[in-house]
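1. This is a predicted model, with the sequence first.
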Amino acid sequence: MANVLIVDHQSSIRKSLTSSLSGDGHKVDEATNGKAALEMAAKSRFDLMFLDLELPGMSGIEVLSDLKGNPRTSGIPVIMLTSLLSAETEAASLRLGASNVLVKPCSGSSLETMVRIALREGEDAASAGLGGTNDSWEGARTEPPAYEDREEEVFAEHSGVPGKFISTGGRLTKLDTALDGGLPVGGLALIEGPSGSGKSVICQYLMHGAISDGWEVAYFTSERSAQDLGQQMGSIGLALPSGVLQDELSVHSLHRDSSGDGDGSPIDDLVS
C-alpha cells in the first residue's frame, strides 16, 4: 500500500482518482492548490503525488520545481495531470523530474501502469538516498540529489566526438541513466506509446543529443517539415545552431496515401 497525495482543483478528478487508488489498496490524501500540497508534502510522508498542471495561483510546474528542488521532497515520484497535453508542457514536466504526464480523465489501464512505474521509481530513489520516501525526515540530504551529479557526468562525457552511445546529452538525465548512457550506435530502438504520449519529444531530445555529440542525423517523419521541426525543438529548449539544418540534420518527409489506394507506404519510402 502506498501513501498518495492528489493535487487537483477539480473535485470530480480528485473523487475519481481517489476511488481508483483506494480500490487498489492505497491510502489517499487530497489538496486543491499548490501551497497546500507543498505544506502537506513537508509534514507527511508520501510515496506518490498526482499534480495538476493547471492549478490556480501557483501552477503545477512551479509546485513540481519546488518539490524537486527540496532535498526532503525531491524523491517523491510525481505524475502530472492535464486536460490538454502539449509537447511543451510534457517536455517541461519531464525535464523538471516528473515521472509521467497523464491526460484527464484517467483511464484504469494507463493509471495502473503509471502508478506501478512511479512507485518503482520512488523505491529506486529511496535506495539511492534521495529524500521524500523515508519514514523519518531526520538525516534528510542537504546536498543536491544524486541525479544532478549524474547530469554533470553525462555533460562531461559529451565532447563533440561521436562515441558508442546516442543520448539526450544530460537533458533527460533519468532516460540517459536508464539506458546506461544512451542508445548503442548501430542498434535499433522502438519507442511505443499512444498518440500524444511524447514519442516525438523523446526522438527530438535524442536527435539534439546526437548532433551535440558530433553525429549527423537523418530524420524521417510524416508529420513536419524541417522548418516546423526546428520551431518545435526551439519551443522546448532544444534550439539548434544556425546552419545545422543544412549541415548536420537532414529532414525527410514520408507521405501517407490518405485514400489507401497507393502501392507504396512510408516504410517503403524509408527503405528506399
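-> Arrived safely, thanks for sending.

2. how far away is the residue nearest the centre of the chain from L183?
-> Nearest residue to the geometric centre of the chain (CA atoms, centre = their mean): L94, 3.0 Å. Noted for L94: a distance of 17 Å to L183, by CB to CB, to the nearest Å. C-betas here are computed from N, CA, C, even on glycine.

3. In the protein, where's the longest helix?
-> The helix spanning the most residues in the chain, taking DSSP state H as the definition, is helix 108-127.

4. before we move on, back to that, helix or strand for the residue nearest to the centre of the chain, which one?
-> Assessed by DSSP states H and E, L94 sits inside helix 87-96.

5. got the CA coordinates for that helix in CSV?
-> Taking C-alpha atoms only, helix 87-96 is exported to CSV below (Å, rounded to 0.1, in the frame of the first residue of the first chain):
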residue,chain,number,x,y,z
ALA,A,87,4.7,18.8,-26.3
GLU,A,88,5.9,21.9,-24.5
THR,A,89,4.2,21.1,-21.1
GLU,A,90,5.2,17.5,-21.3
ALA,A,91,8.8,18.4,-22.0
ALA,A,92,8.9,20.9,-19.2
SER,A,93,7.4,18.4,-16.8
LEU,A,94,9.9,15.6,-17.7
ARG,A,95,12.8,18.0,-17.6
LEU,A,96,12.0,19.0,-14.0
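
6. Show residues contacting it.
-> With contact meaning CB atoms under 8 Å, 6 or more residues apart in numbering, helix 87-96 is reached by 53, 61, 64-65, 68, 80, 82, 101, 171-172, 174, 198, 200-201, 205, 232, 235-237.

7. 6 Å instead?
-> By CB atoms under 6 Å, 6 or more residues apart in numbering, the residues outside helix 87-96 that reach it are 53, 61, 64-65, 68, 80, 101, 198, 201, 235-236.

8. tally of neighbours for F220?
-> By other CB atoms under 10 Å, the residues close to F220 number 13.

9. hang on, D29 in a strand?
-> Yes: checked against DSSP: H, G, I helix; E, B strand; the rest coil, D29 lies within a strand.

10. check contacts around it.
-> L5.

11. Pull up the per-residue confidence for it.
-> pLDDT, D29: 96.

12. Now M58: closest residue in space, sequence neighbours ignored.
-> Leaving out its chain neighbours, the residue that sits closest to M58 by CB to CB, 6 or more residues apart in numbering is G34, at 3.4 Å.

13. for the one you found, phi and psi?
-> phi -70, psi -40 (degrees, to the nearest 10).

14. what's the answer for I166, then?
-> Per-residue torsions, I166: phi -110, psi 120 (degrees, to the nearest 10).

15. ok, it to I191 distance?
-> 13 Å.

16. These two: who's more crowded?
-> I166 (24 against 11).

17. quick one on the thing from earlier: pLDDT averaged over the helix holding L94 - what is it?
-> Mean pLDDT, helix 87-96: 83.
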